[in-house]
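Trainee: My questions are about this predicted structure, shown below with the sequence.
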Amino acid sequence: MAQHLRETAGLAVVGIDRALKEYARSRTVSGVGQFLDDEGCTSMQFGLYGMSIWLLFTRAARHDVEVARVQADCLQLLAAAVDGGPLALPKHVEELKAVVPKMAYACAALYTSPSAHGQATALLQRLKTATKKGGWGFSTTGDKPNVMATALVIRLLRGVSGNSFVLEDAVSYLRSELGGIQNPYAKLYVLTSLKRVDEAKVTSSELSAAIAELYLQVAKQPTKFPNPTIVDYQEQARTRYFRIPSDVILVEALAYLGGGWQLYLSAHTGRRVFGYLAAHCAALERFKLDAIGHRPSVGTYMYLRDAMELIKVRQTTEVSLPLARLAGWFAASAKFGLDFTWNLFALLGSGAGTMLLHYYGHTTLRNILAGAFVKSLLDAGRSLWQLRRGA
């Protein structure tokens with residue numbers, strides 16, 4: 001199963017890259033905007049997010065002539081925005097001094113090209129100056145850090161040289177705030193962002209507890225949490241937002257938790273969510289709608305591609321020993337199976353009681369408890385089946 005997941009993720013990456021090349025061939029105006037559909041291809045709108053993300057998730061396709069053409073255009077415009085050059089729009093120059101997420105996106109994007117390392121370093125220094133208590137807010141003028149802004153920044157800066165002087169404090173800040181995060185998708189986003197920086201920063205028990213809490217809250221209130229997760233913030237007296245695909249957050253967390261075996265991602269919920277995301281990506285020729293029917297945005301596909309790349313390159317050791325595989329299934333079921341832990345305790349208790357009553361010759365009570373044992377055995381088996389194969 002693990003090898004199959006890896007191969008499926010690889011096909012998803014190929015599909016995204018194919019659609020990105022098609023977008024580049026159709027993009028005849030300057031820069032890259034927020035949306036990747038046909039209207040987005042011809043729109044005059046372009047911005048820091050679109051151009052930065054384009055540079056980040058087309059690195060593997062830079063050999064394509066049309067992709068490289070759009071990359072060069074975006075790189076020139078971003079560098080000019082940092083330097084305040086004549087090609088830059090005044091609002092972009094100001095945003096790269098005031099809006100933290102845009103500064104972080106542009107810093108990571110510019111660092112992909114050796115010719116722009118100077119501008120990337122300048123933005124890194126601005127981000128260092130903008131830290132508040134180890135983290136970042138959405139604006140350089142704010143006085144409080146925000147966990148989602150900080151998690152976004154550390155994801156983006158993890159590959160930028162010279163980042164250690166800001167990442168260490170940011171990781172400490174996020175660790176200190178974890179207990180106060182109420183939205184389960186936001187908590188998973190923070191945990192997987194920490195994992196992206198250093199896997200040792202988050203334990204498996206922390207990750208599995210957060211996923212279990214998400215499953216529980218969604219089961220209780222299935223309409224409470226939107227997909228995507230929307231993060232609102234204020235930018236120069238205007239309300240702005242960025243979107244993080246909730247389903248991708250879950251898939252990424254399950255991939256980190258599953259290790260080489262990927263038992264958690266291959267369980268029913270993870271497999272189902274991963275399956276429809278991967279199938280959507282693998283079938284892409286041009287961007288029309290994303291996997292959940294929204295306009296295809298650059299941010300959504302950046303997160304999707306990153307998650308599929310993670311699964312694609314993750315060590316995928318198959319579990320050959322039947323007992324080891326069974327132990328893994330039990331571990332996954334104890335965390336995420338429907339009432340599995342309760343059914344297991346009921347099974348063990350009724351089994352022990354049946355044997356004791358049989359030993360002391362209480363036939364009637366033994367028979368009653370034996371019936372409870374059989375029912376508990378069936379219920380536990382049903383929980384296992386639902387987790388592995390679905391209801």
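Mentor: Yes, it's here. Numbers count the residues shown, from 1 in each chain.

Trainee: need the contact list for the residue lying closest to residue 22 once chain neighbours are set aside.
Mentor: Distances taken as Cβ to Cβ, 6 or more residues apart in numbering place residue 286 nearest to residue 22, at 5.1 Å, with adjacent residues excluded. The C-beta positions use only the backbone N, C-alpha and C, and glycine is treated the same way. By Cβ atoms under 8 Å, 6 or more residues apart in numbering, residue 286 lies in contact with 19, 22-23, 37-38.

Trainee: Give me the secondary structure label for residue 286.
Mentor: Three-state assignment for residue 286 (DSSP: H, G, I helix; E, B strand; the rest coil): coil.

Trainee: Now do the phi/psi pair for it.
Mentor: Residue 286 adopts backbone torsions of phi -130, psi 150, taken as degrees, to the nearest 10.

Trainee: Just the buried residues from the contacts of residue 286, in PyMOL please.
Mentor: Listed next is the PyMOL selection for buried residues among the contacts of residue 286, using 16 or more other Cβ atoms under 10 Å:
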select buried, resi 19+22+23+37
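
Trainee: Same list, the contacts of residue 286, but as TSV with distance to residue 367, pLDDT and secondary structure please.
Mentor: As requested, these are exported to TSV (distance: Cβ to Cβ, whole Å; pLDDT from 0 to 100; DSSP: H, G, I helix; E, B strand; the rest coil):
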residue	distance to residue 367	pLDDT	secondary structure
19	64	96	helix
22	69	96	helix
23	69	96	helix
37	66	95	coil
38	70	94	helix
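
Trainee: Show me the residue at the heart of the protein, geometrically.
Mentor: residue 249 (3.2 Å; Cα atoms, centre = their mean).

Trainee: So that residue is in contact with residue 243, correct?
Mentor: No. Using Cβ atoms under 8 Å, residue 249 is not in contact with residue 243; the gap is 11.3 Å.

Trainee: who touches both of the two?
Mentor: Here residue 249 and residue 243 share the contacting residues residue 229, scored by Cβ under 8 Å, 6+ apart.

Trainee: sorry, back to before: looking at the contacts of residue 286, spot the one nearest residue 109.
Mentor: Lowest distance from residue 109 to these (Cβ to Cβ) belongs to residue 23, with 16.7 Å.

Trainee: so the closest one touches residue 42, yeah?
Mentor: No. Using Cβ under 8 Å, residue 23 is not in contact with residue 42, being 10.9 Å away.

Trainee: Now residue 60: closest residue in space that isn't a chain neighbour?
Mentor: residue 17 (6.6 Å).

Trainee: dump the residue contacts of that neighbour.
Mentor: Contacts for residue 17 were tallied using Cβ under 8 Å, 6+ apart; they are 58, 60-61.

Trainee: which element is it on?
Mentor: Applying DSSP states H and E as the criterion places residue 17 in helix 2-26.

Trainee: mind giving me the domain ranges of this protein?
Mentor: 2-313, 337-389 (automatic domain parsing).

Trainee: Whichever strand or helix holds residue 373 packs against which elements?
Mentor: In this assignment (DSSP H and E), residue 373 forms part of helix 363-389. Where contact means 3 or more Cβ pairs under 8 Å, 6 or more residues apart in numbering; DSSP states H and E, helix 363-389 is packed against helix 268-282, helix 322-336, helix 340-360.

Trainee: among those helices, which gets the worst mean confidence?
Mentor: The minimum mean pLDDT among those belongs to helix 322-336 (a mean of 59).

Trainee: show me where pLDDT drops low in the protein?
Mentor: 1, 235-236, 259-263, 268, 315-342, 383-391 (pLDDT under 70).

Trainee: Could you rerun that using 50?
Mentor: In the predicted model, the chain carries pLDDT under 50 at residues 316, 319, 391.

Trainee: Tell me the gap between stretch 219-230 and the middle of its chain.
Mentor: Centroid separation for stretch 219-230 versus its chain: 16 Å, with Cα atoms, centre = their mean, to the nearest Å.

Trainee: Contact partners for the spatially closest residue to residue 346 that is not a sequence neighbour?
Mentor: With Cβ to Cβ, 6+ apart as the criterion, residue 346 has its nearest non-adjacent residue at 4.1 Å, and that residue is residue 376. Residues in contact with residue 376 (Cβ under 8 Å, 6+ apart) are 343, 346-347, 350-351.
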